[in-house]
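> I'd like to go over a predicted model; first the sequence, then the structure.
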Amino acid sequence: MKNFRKQSLRTGKHGVGLALTATLLFSSVGAFAQTAATPPAVTAPANTVIQGFSSERLARIAPSMQEQIRLGMFPGAVTMVARNGVVVHNEAHGFLDAAKSKPMAKDALFRLASMTKPIVTVAAMMMVEQGKMGLNDPITKWLPELKDLKVETASGDVPLNRPIWVQDVMRHTSGFVYSGSAKSPRIKKMYEDLNIESAETDITADEMLKNLGQIPLANQPGTFWEYSISVDVLGLLLERVAQKPLDAILNELLLTPLGMKDTTWWVQADQLSRMAETLDSDPLKAGMLKAYRQTYNPLGKSYFKGGAGLVGTANDYLKFLQMMVNGGELDGKRYLSRKGVEFMFSQHTVGMGGTTFGSTGPGYGFGLGFAVRLDEGMAWVPGSKGDVMWAGAWGTSFWIDPKEKLVAVIMAQGPSNRIHTRMLYKNLVYGALVK
């Protein structure tokens with residue numbers, strides 16, 4: 001791939017030959033720069049710098065991951081880092097299965113959970129750029145089931161001050177909630193009773209929208225950021241706009257052209273042996289597995305969860321991230337305009353209530369599909385003003401740093417320890433960036 005290339009390494013003022021480059025990067029580059037034969041073994045200088053990363057410091061990632069595995073944070077992980085389009089780190093750590101009997105593989109499949117959201121939101125922005133919808137269009141233009149929504153208040157349900165816009169379901173300012181974090185006992189019960197999140201049993205798209213139309217919003221649209229089913233609703237909206245199911249929309253717009261061949265909504269029988277597992281000791285495992293029913297095709301049975309439904313590999317996800325850090329282009333194909341990417345990576349919740357703290361820690365706002373770092377400081381980990389990130393409930397996480405032309409992803413399945421894991425990994429990666 002043109003944007004993932006090998007490049008001569010430098011040690012001080014002396015260039016290191018291509019044979020050494022191939023040797024040093026072979027275990028890191030994976031699918032992006034595989035060679036026909038394994039190059040001869042060469043010992044790299046201790047202070048080699050790869051695209052500004054210290055090889056010695058990158059080598060800290062593996063033992064740190066092994067320590068997390070020993071501590072029971074997760075069975076295994078796959079970690080990848082790229083800068084300037086060059087993959088500088090790609091490693092598999094630990095085990096694929098809960099019994100720790102199968103070594104982790106770089107092509108392991110992980111439940112992406114909420115890392116589905118940025119992909120669906122990018123597809124939505126692509127449709128905006130195609131003129132198929134506008135950010136300030138009311139979602140009821142396509143979802144009439146939601147035309148009679150009200151907002152719950154202490155004095156009773158009241159009308160909406162303005163419609164829910166497309167922009168609201170791209171940035172979690174719609175007034176929708178997740179039942180697990182709903183502050184209103186009434187709304188929480190209605191979400192659960194009406195099976196809005198398809199928590200344990202299937203529900204079709206039409207049924208879900210009909211039921212959702214009976215439940216009041218928690219906040220007036222555009223006034224409060226609350227993590228929610230917004231992107232699930234966005235996915236259903238895209239289906240109505242495009243007149244095709246969400247899996248077909250994503251395949252057409254992103255997954256197939258990007259070469260994300262292992263990213264899917266359901267795992268077929270011949271892929272099950274590649275699924276990464278969560279430790280049985282993780283207290284969240286049993287309950288979450290009921291909601292993530294990804295061993296059969298949901299088409300015609302249950303709606304495609306635009307906020308949580310995908311399964312994929314680290315290698316696939318890095319292609320998506322590289323396209324975004326490139327300003328919407330990869331391998332000569334343009335997906336979004338440069339200004340469209342910049343717009344998505346901008347702060348879209350100015351003056352609103354709510355916080356992304358539970359997912360990002362301090363120092364972040366929210367754009368369209370991505371949390372956005374508001375300043376160099378304040379956060380729990382290093383980064384750049386304007387870097388963006390998101391993560392999944394099962395333990396996956398990524399970020400994009402446009403200033404540094406850097407993308408990184410960690411795939412793990414340890415839901416109870418996911419905040420710790422994503423912060424640790426970010427510290428390790430930035431701790432290896434020296435130039």
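Cool, got the structure.

> is the most centrally placed residue in the chain in a helix, a strand, or coil?
Taking C-alpha atoms, centre = their mean, the centroid of the chain lies closest to residue 115, which sits 2.3 Å from it. Three-state assignment for residue 115 (DSSP: H, G, I helix; E, B strand; the rest coil): helix.

> list the contacts of it.
310, 317, 390, 391, 392, 396, 397, 398 (C-beta atoms under 8 Å, 6 or more residues apart in numbering). Yep, even glycine has a C-beta here, placed from its N, CA and C like the rest.

> need the residues you listed in CSV (columns: secondary structure).
Shown next, in CSV, are the contacts of residue 115 (three-state DSSP):
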residue, secondary structure
310, coil
317, helix
390, strand
391, strand
392, coil
396, coil
397, strand
398, strand
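
> now compare the residues you listed and name the two farthest from each other.
310 and 397 (14.7 Å; C-beta to C-beta).

> what about the helices in the stretch 151-300 of the chain?
166-171, 185-193, 205-212, 230-242, 246-250, 256-258, 285-291 (DSSP state H, counting those that start in this stretch).

> just send those back as TSV, with distance to residue 62 too.
Shown next, in TSV, are the helices of the stretch 151-300 of the chain (distance: least, C-beta to C-beta, whole Å):
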stretch	distance to residue 62
helix 166-171	37
helix 185-193	42
helix 205-212	43
helix 230-242	34
helix 246-250	33
helix 256-258	28
helix 285-291	25
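
> nearest to residue 347, out of those?
helix 166-171 (9.9 Å).

> packing partners of that closest one?
helix 116-129, helix 230-242 (3 or more C-beta pairs under 8 Å, 6 or more residues apart in numbering; DSSP states H and E).

> just want the angle from the shortest one to helix 116-129.
With axes from the mean of the first three to the mean of the last three C-alpha atoms, to 10 degrees defining the directions, helix 230-242 sits at 40 degrees from helix 116-129.

> what about helix 230-242, average pLDDT?
Helix 230-242 carries an average pLDDT of 98.

> could you do stretch 428-435 as well?
The model assigns stretch 428-435 a mean pLDDT of 98.

> contact partners of that stretch?
Here stretch 428-435 makes contact (C-beta under 8 Å, 6+ apart) with 49, 52-54, 57-58, 60-61, 64, 81, 83, 89, 381-383, 404, 406, 408.

> just to revisit the earlier point, please convert the helices of the stretch 151-300 of the chain to JSON lines, extending it with mean neighbour count and distance to residue 267.
Formatted as JSON lines, those follow (neighbours: other C-beta atoms under 10 Å; distance: least, C-beta to C-beta, whole Å):
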{"stretch": "helix 166-171", "mean neighbour count": "26", "distance to residue 267": "27"}
{"stretch": "helix 185-193", "mean neighbour count": "15", "distance to residue 267": "27"}
{"stretch": "helix 205-212", "mean neighbour count": "18", "distance to residue 267": "21"}
{"stretch": "helix 230-242", "mean neighbour count": "24", "distance to residue 267": "19"}
{"stretch": "helix 246-250", "mean neighbour count": "22", "distance to residue 267": "14"}
{"stretch": "helix 256-258", "mean neighbour count": "15", "distance to residue 267": "18"}
{"stretch": "helix 285-291", "mean neighbour count": "13", "distance to residue 267": "13"}
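
> more neighbours, residue 310 and residue 397?
residue 310 (30 against 23; other C-beta atoms under 10 Å).

> residue contacts, that one?
By C-beta under 8 Å, 6+ apart, residue 310 lies in contact with 112, 115, 116, 119, 263, 264, 265.

> for residue 280, same thing?
Applying C-beta under 8 Å, 6+ apart, the residues near residue 280 are residue 98.

> go again using 10 Å as the cut-off
75, 98, 99, 286 (C-beta atoms under 10 Å, 6 or more residues apart in numbering).

> mind listing the strands for the stretch 51-200 of the chain?
53-54, 76-83, 86-94, 110-111, 150-153, 156-159 (DSSP state E, counting those that start in this stretch).
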